[in-house]
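Participant: Here's a sequence, model it:
(2 chains)
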Amino acid sequence: MAHEHKLEIFRGLVKFKSNIQKIWGVLIFLSIVTAIEVGLGIVKPEVLTKNYFLGMKLLNWIFIILTLVKAYYIAWDFMHLRDEKSSLRRAVVWTPIFLVSYLIFILLFEADYIYNVFKDSFLAWNF
Amino acid sequence: MDTTVTTGSDENVWGGGNQPLNASYGKMMMWFFIVSDALTFSGFLVAYGFSRFKFIETWPIADEVFTHVPFFHGNYPMYYVAFMTFILIMSSVTMVLAVDAGHKMKQNKVIFYMFLTIIGGAIFVGSQAWEWATFIKGDFGALETKGGRILQFVNAETGERAALADFSKTLPEDRTKHQSYNGIWYQGEGYQTSYSLNEVIEGFKANPNILIRTELISEEGEKTLLSRKESLAKLKDATMVVEGANLIRNEYGSRLFADFFFFITGFHGFHVFSGVVINVIIFFNVILGTYERRGHYEMVEKVGLYWHFVDLVWVFVFTFFYLV
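Facilitator: Take a look at the predicted model:
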């Protein structure tokens, strides 16, 4: 069970002396990200709620991207995928990413279609 | 030492001495489970997205639903959920520390960190139970229309939400709850609200400073507020009083919102609960010295993977239920 730990995060920008230090470092990073999310959720700056990208508010894009960032560090450092063989890492990570992207694409498009049916067709539901 | 080639007859690739992807059988199976469970959760969350996109203009605003913090009165959107997130991440950290101590064969440290992890998990499950109780109890009360839409009330002077108790009249009605034993056996009333529809309507007519708020979200991202005249006209559509939430109807808005809330956070809470149970089992194994005798603490690492996965799922639930 001799485990080698890779102690660099942010692509080598920050390098920790020991695995324990790295864990605390990642905790601080995750807490900061969560604090930013909650802060933005409470303040809701108008610049971010008024502007849209691909039909979604910029604020929501920021939330989703920050969530993926958090997910990356939980998987890479807490679940120590960083220390696993790259083949295991790829099998674990890309399988759900592929399947879930497809599911998101197909269901959200369908939902948007139904939204338009509810909105434009001769169908009353909001009464 | 990935490049080492073993030539012994028991140690070759087909002889059983080989570990594919350098992960032991148990760890590999845990990863199998995690990937399939991740797909299950994705299915639930995407289904939530489906329903939300379907009713994108009328979906409840999470900030207005989850506004409570235990022991405090007032409007504190999201603070408590943020606290819960922090607790779960923190218990993930103590879990990594336990795994790390296990690699170094430090039994007492593993015990200590496993203990902290279990406490963190228990706090989280307790918080979620509290969150559910608050959600089910409801806070302001609302009316439901013929079409199953929700009408909420706002005080025109302050702009704050108005509770049914703030304006409803108490009329001399004595409506008793219909129990299944004193009528047709298959007909019973689930729950009786604190005010009847008539009392709310009369109270609304008597208080000119109360307005109705519909589910529709305006351009500004807020629920539409009707004028007094529109409110009185809208009031005619109301068919029943709704207080709190259940699987059939809820006072917060779209019925699906409560269904998905119960289902997704419930399924996640069940994962946390079973994670705590598994952690407790491993915790006692560590105390008994099972892994000391076995020579390695890989079992702690495996339950650790599960525990981090539960944390990972919460990060997504937090975003899609409370933030977006």
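
Participant: can you list contacts of stretch B:309-320?
Facilitator: With Cβ atoms under 8 Å, 6 or more residues apart in numbering or on different chains as the test, stretch B:309-320 has contacts from A:37, A:63-64, A:66-67, A:70-71, A:74-75, A:78-79, B:34, B:37-38, B:41, B:45, B:48-49, B:81, B:84-85, B:88-89, B:91-92, B:264-265, B:268, B:271-272, B:275. The way it works is simple: take the backbone N, C-alpha and C, and place the C-beta from them, glycine included.

Participant: tell me which residues of that stretch are tucked away?
Facilitator: B:309-320 (16 or more other Cβ atoms under 10 Å in any protein chain shown).

Participant: per-residue pLDDT, B:Phe284?
Facilitator: On pLDDT, B:Phe284 comes in at 96.

Participant: Now do the contacts for it.
Facilitator: Listed by Cβ under 8 Å, 6+ apart, B:Phe284 has no contact partners.

Participant: circling back to that earlier point, out of the contacts of stretch B:309-320, which end up buried?
Facilitator: Among the contacts of stretch B:309-320, the ones that count as buried by 16+ other Cβ under 10 Å are A:37, A:63-64, A:66-67, A:70-71, A:74-75, A:78-79, B:34, B:37-38, B:41, B:45, B:48-49, B:81, B:84-85, B:88-89, B:91-92, B:264-265, B:268, B:271-272, B:275.

Participant: can you map out the helices along the chain?
Facilitator: Because you didn't say which chain, this covers chain A. Counting by DSSP state H, the segments of chain A that form helices are A:19-43, A:46-50, A:58-73, A:86-120.

Participant: My question was about chain B, not that one.
Facilitator: Using DSSP H, the helices of chain B run over residues B:25-54, B:62-65, B:79-103, B:107-137, B:164-167, B:197-206, B:228-234, B:255-260, B:266-288, B:290-294, B:298-317.

Participant: now the last one and helix B:266-288, what's the angle there?
Facilitator: Between the direction of helix B:298-317 and that of helix B:266-288, the angle (axes from the mean of the first three to the mean of the last three Cα atoms, to 10 degrees) works out to 160 degrees.

Participant: Extract the CA atoms of helix B:298-317 and return them as CSV.
Facilitator: Coordinates of the C-alpha atoms in helix B:298-317 are reproduced here as CSV (Å, rounded to 0.1, in the frame of the first residue of the first chain):
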residue,chain,number,x,y,z
GLU,B,298,-8.0,-0.1,2.5
MET,B,299,-11.5,-0.6,3.9
VAL,B,300,-11.4,2.9,5.3
GLU,B,301,-10.4,4.2,1.9
LYS,B,302,-13.4,2.4,0.2
VAL,B,303,-16.0,3.8,2.6
GLY,B,304,-14.2,7.1,2.2
LEU,B,305,-14.8,7.0,-1.5
TYR,B,306,-18.5,6.5,-0.9
TRP,B,307,-18.6,9.3,1.6
HIS,B,308,-16.9,11.7,-0.8
PHE,B,309,-19.4,10.7,-3.4
VAL,B,310,-22.3,11.7,-1.2
ASP,B,311,-20.6,15.0,-0.7
LEU,B,312,-20.1,15.3,-4.5
VAL,B,313,-23.8,14.7,-5.1
TRP,B,314,-24.8,17.3,-2.5
VAL,B,315,-22.7,19.9,-4.3
PHE,B,316,-24.9,19.3,-7.4
VAL,B,317,-28.2,19.2,-5.4
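
Participant: which residues does the closest residue to chain B within chain A contact?
Facilitator: Relative to chain B, the nearest point of chain A is A:Ala111 (3.5 Å; Cβ to the nearest Cβ). Residues near A:Ala111 by Cβ under 8 Å, 6+ apart: B:49-54.

Participant: Kindly report the same for B:Gly266.
Facilitator: Taking Cβ under 8 Å, 6+ apart, one finds B:Trp132 in contact with B:Gly266.

Participant: what mean pLDDT does stretch A:87-97 have?
Facilitator: In this model, stretch A:87-97 has an average pLDDT of 93.

Participant: does chain B sit close to that stretch?
Facilitator: Yes: using Cβ under 8 Å from any Cβ of the partner chain, we find that stretch A:87-97 touches chain B at A:87-88, A:91-92, A:95-96.

Participant: Kindly give a single ChimeraX line that selects the buried subset of the residues you listed.
Facilitator: Per 16+ other Cβ under 10 Å, the buried members of these correspond to this ChimeraX selection:
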select /A:88,91,92,96
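
Participant: Would you check that B:Tyr48 makes contact with B:Ile264?
Facilitator: Yes: counting by Cβ atoms under 8 Å, B:Ile264 is a contact partner of B:Tyr48 at 6.4 Å.

Participant: what is in contact with these two at once?
Facilitator: Common neighbours of B:Tyr48 and B:Ile264 (criterion: Cβ under 8 Å, 6+ apart): B:Phe321.

Participant: so what's the residue of the stretch 1-150 of chain B found nearest chain A up against?
Facilitator: Nearest to chain A in the stretch 1-150 of chain B, going by Cβ to the nearest Cβ, is B:Phe53, at a distance of 3.5 Å. B:Phe53 is in contact with A:108, A:111-112, A:115, counting by Cβ under 8 Å, 6+ apart.

Participant: Excluding chain neighbours, give the residue nearest to it in space.
Facilitator: Spatial nearest neighbour of B:Phe53, excluding adjacent residues (Cβ to Cβ, 6 or more residues apart in numbering or on different chains): A:Ala111 at 3.5 Å.

Participant: Please render the helices of chain A as TSV that adds distance to B:Thr290 to the earlier fields.
Facilitator: Putting those into TSV (distance: least, Cβ to Cβ, whole Å) gives the following:
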stretch	distance to B:Thr290
helix A:19-43	24
helix A:46-50	52
helix A:58-73	31
helix A:86-120	27
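
Participant: Which of these comes out lowest on mean pLDDT?
Facilitator: Minimum mean pLDDT among these: helix A:46-50, a mean of 83.

Participant: Pull that helix out as PDB, backbone CA atoms only.
Facilitator: Taking Å, rounded to 0.1, in the frame of the first residue of the first chain, the C-alpha atoms of helix A:46-50 are listed here in PDB:
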ATOM      1  CA  GLU A  46     -28.100  42.900 -12.100                       C
ATOM      2  CA  VAL A  47     -25.300  42.600 -14.600                       C
ATOM      3  CA  LEU A  48     -25.400  38.800 -14.200                       C
ATOM      4  CA  THR A  49     -29.200  38.400 -14.000                       C
ATOM      5  CA  LYS A  50     -30.100  40.600 -16.900                       C
END
